[in-house]
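1. Pasting a predicted model and its sequence here:
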Amino acid sequence: MVTTRKVTPVTSEDRVDEPRDDQSGASPSVQAVVLVGGKGTRLRPLTLSAPKPMLPTAGVPFLTHLLSRIREAGITDVILGTSFQAHVFSEYYGDGSKLGLRLRYVTETEPLGTGGGIRNVLDELTADTILVFNGDVLGGTDVREVLNTHEESGADVTMHLVRVSDPRAFGCVPTDETGRVTAFLEKTQDPPTDQINAGTYVFRRSVIEEIPAGRPVSVEREVFPKFLSEGRHVHGHVDHAYWRDMGTPDDFVHGSADLVRGIAPSPALGDRHGESLVHEGAGVAPGAVLIGGTVVGRGAEIGPRARLDGAVIFDGAVIEAGAVVERSIVGFGARVGPRALIRDTVIGDGADIGARCELLRGARVWPGVQLPDNGIRFSTDV
Ligand code: GTP
């Protein structure tokens, strides 16, 4: 049975600094929509019990980093487009006031996709300018700059585009010399540019009205290609800002480490940066080594001579003496036995990994699974 994990409520630590440009008026000129309704299948089994944006990253739910960035840009009116495990968001964030936001929730009973999710919140939209975020993007771009580009170009839609070294796994988006988008190529093997869709958009409200209502719609596969074929003005805001889609274990681990080390900026963390981040109530035994942006959650225990490199240890997990955990996620209350080796692996909540087990290269252990001592190995020297 899949159960829902209890998430620790927002604490004063999660609060963000005062914004540069607050909007305290009754009708804001900009509203933000954050899409958080996906099932996060690529991050299973962690997303069996919590939605992807609520997974802890550097001590707070991932979504808190994004919300604090929105708040930092002076935008306070935020609508979360929820579907999968919708109640987890409202139970944790409530009305958003602890983050300095006015937060509302619109829930799809059946997931409507990224475009359908945007269309579904239309009734809550009163501003002319609507910022839309994929809820799983860790980014460092200046949101105000994206809005400025939108205002200056007068476009129907402005897309944040980021330059990456290998664009093939993403939506590739070429622009002309004026910055206007000329094509939208989802995951092409022969990308004509290194600019990719960064999952942040600015829509004119009237354009959202044109998205078909009441059925699943993909903004990437349907809405943008249609707008381009109709000659609508879709503009690109290109930059080199920090950017990472947190959708896979590999990206989640690296994004978390980048937050801990201050490579990925987050107003939710302030200047708490270093090689590791150990939360209150956690115990780290003498001789344990924590490097590479490792995070140790509340109440977790790290044994003597354990070596954690780029590890994400959720609350209450136990890493026994001499175990090695590299670039891996260890779920809530899971245990890694003495001298086990865990590398590029996801261990589900409450799983129990016996002594000297070896889990490598994309292994995923489902919640509650118990592996006996020496139960899985890649070498023969027990
Ligand atoms: P995977 O199943 O691993 O692909 O993850 P996902 O379900 O989150 O899908 P994807 O990464 O493509 O989604 C990008 C963003 O859009 C995420 O923040 C999702 O939460 C969100 N999203 C995806 N599908 C829906 C949907 O049907 N409704 C809403 N409201 N949001 C969605």
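-> Arrived safely.
2. which secondary structure elements does the helix ranked longest in the chain contact?
-> Counting by DSSP state H, the longest helix found in the chain is helix 249-261. If you count contacts as 3 or more C-beta pairs under 8 Å, 6 or more residues apart in numbering; DSSP states H and E, helix 249-261 packs onto strand 56-57, strand 137-139, strand 243-245, strand 294-296, strand 312-313, strand 329-330. The way it works is simple: take the backbone N, C-alpha and C, and place the C-beta from them, glycine included.
3. Downstream of the fifth one, the next helix or strand is which one?
-> On the C-terminal side of strand 312-313, the nearest following helix or strand under DSSP states H and E is strand 318-319.
4. And for that next one, what's in contact with it?
-> Residues outside strand 318-319 that contact it (C-beta atoms under 8 Å, 6 or more residues apart in numbering) are 300, 301, 302, 303, 306, 308, 313, 325, 330, 334, 335, 336.
5. go with 10 Å
-> The contact list for strand 318-319, computed with C-beta atoms under 10 Å, 6 or more residues apart in numbering, reads 283-285, 288, 296, 299-303, 306-308, 311, 313, 325, 330, 333-338, 340, 342, 352-353.
6. low-scoring stretches of this protein, by residue?
-> The chain contains residues with pLDDT under 70 at 1-27, 382.
7. Please parse it into its domains.
-> Taking automatic domain parsing as the reference, the chain has its domains at 17-250, 272-371.
8. Can you redo these as a markdown table, where the extra columns are distance to the ligand?
-> Compiled in a markdown table, these are given as follows (distance: least, C-beta to the nearest ligand atom, whole Å):
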| stretch | distance to the ligand |
| --- | --- |
| domain 17-250 | 2 |
| domain 272-371 | 13 |
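9. Need these in a markdown table (columns: mean neighbour count).
-> Listed next are those as a markdown table, based on neighbours: other C-beta atoms under 10 Å:
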| stretch | mean neighbour count |
| --- | --- |
| domain 17-250 | 19 |
| domain 272-371 | 21 |
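10. show me the contacts for the closest residue to residue 337 other than its chain neighbours.
-> Leaving aside its chain neighbours, residue 337 sits nearest to residue 355 (3.9 Å; criterion: C-beta to C-beta, 6 or more residues apart in numbering). Shown in contact with residue 355 (C-beta under 10 Å, 6+ apart): 320-323, 336-340, 371-375, 382.
11. Mind checking which of these are in helices?
-> Using DSSP H, the subset of those located in helices is empty.
12. residue ranges for the strands of the stretch 151-300 of the chain, please.
-> Along the stretch 151-300 of the chain, the segments classed as strands by DSSP state E, counting those that start in this stretch run 157-163, 171-172, 185-186, 195-204, 234-239, 243-245, 276-278, 283-284, 289-291, 294-296.
13. roughly how far out does the second one sit from the chain middle?
-> Mean C-alpha position of strand 171-172 versus that of the full chain (C-alpha atoms, centre = their mean, to the nearest Å) differs by 19 Å.
14. likewise the fourth one?
-> Strand 195-204 has its C-alpha centroid displaced from the chain centroid by 16 Å (C-alpha atoms, centre = their mean).
15. Select from the contacts of residue 355 every entry located in strands.
-> If you go by DSSP state E, those have 336, 371 in strands.
16. Enumerate every residue touching residue 69.
-> Neighbour list for residue 69: 16, 75, 133, 137-143, 265-268 [criterion: C-beta under 10 Å, 6+ apart].
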